[in-house]
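# below: sequence and its predicted model.
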Amino acid sequence: MTGSGSSMLYSFLLFTVILSLQEMYRGKLASSELLTILGGFISSLLFLVSLTFIGNFQEACGMRTGWGAVILAEAVALIAASTVHRVCITTCFLFSAGLLYEINKISGATLSKSELKTKRH
């Protein structure tokens, strides 16, 4: 498994690549309804990688992560979505909420598995 430092670096690099590609194809993403929805989904991927970056940065600094990281990552993603189209803001928020729900579900399942392993030994 990767450490928080390398995960932080990879998420920053992914954020940079996704944001620059989104800005390069901003006109194309705003050209039709379906591509506008895709632009919102791409912005929600920005939310995911920025949340990973912020969480790993806080872990590396020894701070506790919480809702502040989620709000900051969502604000960054919504600002990036607003550069493409107004509808991208709404779809980004909805996709980000779905991603956050799934991340929370996966995190809970992983945590319960690790607690079971420590109780056995």
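Cool, got the structure.
# please, which helix or strand holds the most centrally placed residue in the chain?
Among the residues of the chain, the one closest to the centroid is Leu48, at 1.0 Å (CA atoms, centre = their mean). Element membership for Leu48 (DSSP states H and E) is helix 33-61.
# swap in Val17?
Val17 belongs to helix 4-24, assigned by DSSP H and E.
# how about that helix: buried residues?
7-8, 11-12, 14-15, 18-19, 22 (16 or more other CB atoms under 10 Å). (Glycine included, C-beta is placed from N, CA and C.)
# just flag the most distant two among those residues.
Using CB to CB, the buried residues of helix 4-24 span at most 21.9 Å, a distance reached by Ser7 and Gln22.
# what stretches of this protein score poorly on pLDDT?
Scanning the chain for pLDDT under 70 picks out the ranges 1-2, 120-121.
# who touches the helix or strand that the helix holding Val17 is followed by?
Helices and strands here follow DSSP H and E; after helix 4-24, the next one along the chain is helix 26-29. Residues from elsewhere that reach helix 26-29, judged by CB atoms under 8 Å, 6 or more residues apart in numbering: 22, 35-36, 38-39, 42, 83-85, 88.
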